[in-house]
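[1] structural data only, the sequence is not supplied:
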């Protein structure tokens with residue numbers, strides 16, 4: 001037995017003398033955990049799909065990843081991207097501002113999803129739209145078409161930029177005929193959300209931008225979220241595409257929003273990663289037992305982010321995408337039942353209530369020439385996050401088709 005007695009200390013000595021290359025400090029291990037996000041962002045920028053990106057990951061009430069990559073601008077001069085860059089959110093406006101405002105009005109007892117639009121805007125009922133409901137607008141099943149370029153139709157070409165042609169835009173929407181029967185299919189519609197923005201104005205008695213600022217943004221501490229940013233916020237804005245007078249910076253990229261004085265239900269909002277992180281925490285409040293008082297109650301958040309579409313139509317909540325033709329950006333691993341949205345300028349939010357996580361991706365992929373594409377990056381980041389976070393629960397498994405005993409033939 002003596003050899004064993006002598007070998008045991010020797011074995012321990014051999015182990016202790018091995019190089020510690022694999023040992024990491026906690027901070028190094030934490031950095032390596034998210035290194036795959038770094039690589040995906042850097043590859044996206046190197047391929048010319050965005051000049052720069054800001055990415056944030058939240059998990060169980062904490063920010064676990066936040067980083068800026070690349071440049072805020074490439075022309076007329078290169079300027080580095082920073083985590084406090086202000087971004088044109090484009091269609092994230094639909095869910096961050098307009099949907100939130102509509103849901104707040106529901107909480108106040110001032111409207112209901114099944115109400116017809118004509119109850120609040122009688123002129124809207126022209127051309128066969130008298131039965132269109134608020135629910136149908138929120139789920140993109142109203143029958144309204146996707147888009148009309150009102151800027152080219154109404155804007156004054158001698159003074160390019162933001163103009164107030166809102167009354168002409170609203171009159172045209174009131175007069176337009178549906179392109180399909182309501183509740184028969186889903187057509188992602190800017191026209192529907194311009195309509196919702198007008199409903200918020202009529203029901204609340206305040207302009208959309210003032211109501212949503214007072215009711216949602218300020219209570220959440222979102223002090224850098226606004227339409228038509230001015231001063232330092234405008235200076236920190238990531239430029240988008242070039243117009244007659246140079247690159248747009250702090251001026252809305254969407255032409256129809258520009259035609260509505262920069263404020264519309266479908267686009268026009270500007271914000272930062274920090275402010276959107278505050279908003280995302282509210283979106284998780286119905287699933288984590290958070291007792292903080294948010295502008296929207298847990299019941300409202302749950303309703304807004306649960307399936308609301310008719311049977312046989314791809315899943316959307318009120319405003320929020322769950323499982324539609326656009327939801328490939330949730331990646332391949334985050335569960336069905338998570339929800340989010342994208343914006344044309346290169347913006348992204350995805351929220352997973354099962355793991356209590358959220359992803360925010362912000363870019364100005366349309367700068368400088370409008371040719372960038374960050375959709376693959378959003379999907380990659382979603383997969384990386386799904387591989388790292390630990391869910392509290394997963395949704396029930398879908399039905400499994402009957403298979404003959406002994407396996408398929």
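    That came through, no problem. Small disclaimer: the values here were computed from a predicted structure and weren't measured.
[2] C-alpha from now on. contacts and neighbour counts both.
    Fine.
[3] residue 75 and residue 369 touch, don't they?
    No. The criterion here is Cα atoms under 8 Å, and residue 75 misses it with residue 369 at 10.0 Å.
[4] neighbour count winner among those two?
    residue 75 (14 against 10; other Cα atoms under 10 Å).
[5] what sits against that one?
    Residues near residue 75 by Cα atoms under 8 Å, 6 or more residues apart in numbering: residue 368.
[6] what about it, which SS state?
    coil (DSSP: H, G, I helix; E, B strand; the rest coil).
[7] just residue 351 next, same as before
    Going by three-state DSSP: residue 351 is strand.
[8] hey, what's the closest residue to it other than its chain neighbours bridged with?
    Spatial nearest neighbour of residue 351, excluding adjacent residues (Cα to Cα, 6 or more residues apart in numbering): residue 358 at 4.3 Å. Assessed by DSSP bridges, residue 358 has beta-bridge partners residue 58, residue 351.
[9] neighbours of residue 358, how many?
    Neighbours of residue 358 (other Cα under 10 Å): 27.
[10] what comes up buried for stretch 299-316?
    For stretch 299-316, the neighbour count (16 or more other Cα atoms under 10 Å) marks 300-302, 304-310, 313-316 as buried.
[11] do stretch 316-336 as well
    Quick answer for stretch 316-336 (16+ other Cα under 10 Å): 316-323, 327, 329-331, 334-336.
[12] and the residues you listed, which two are the farthest apart?
    Pairwise distances across these (Cα to Cα) peak at 21.3 Å, for the pair 318 and 331.
[13] count of neighbours near residue 263?
    Other residues near residue 263 come to 26 when the count uses other Cα under 10 Å.
[14] residues contacting it?
    208-209, 227-228, 257, 269 are the contacts of residue 263 under Cα under 8 Å, 6+ apart.
[15] what about residue 88, how many neighbours?
    Applying other Cα under 10 Å, we find 35 residues neighbouring residue 88.
[16] so which helix or strand takes in the residue nearest to it when sequence neighbours are not counted?
    Sequence neighbours aside, residue 270 is the residue nearest to residue 88 in space, at 4.6 Å (criterion: Cα to Cα, 6+ apart). Residue 270 belongs to strand 269-271 when elements are defined using DSSP states H and E.
[17] give the other helices and strands that that strand contacts.
    strand 87-88, strand 226-227 (3 or more Cα pairs under 8 Å, 6 or more residues apart in numbering; DSSP states H and E).
[18] point out where the stretch 301-409 of the chain drops to low pLDDT.
    Where the stretch 301-409 of the chain drops to pLDDT under 70, the residues are 398-409.
[19] where along it do the strands fall?
    Here the stretch 301-409 of the chain has its strands, by DSSP state E, counting those that start in this stretch, at 315-316, 321-323, 339-343, 347-352, 357-363.
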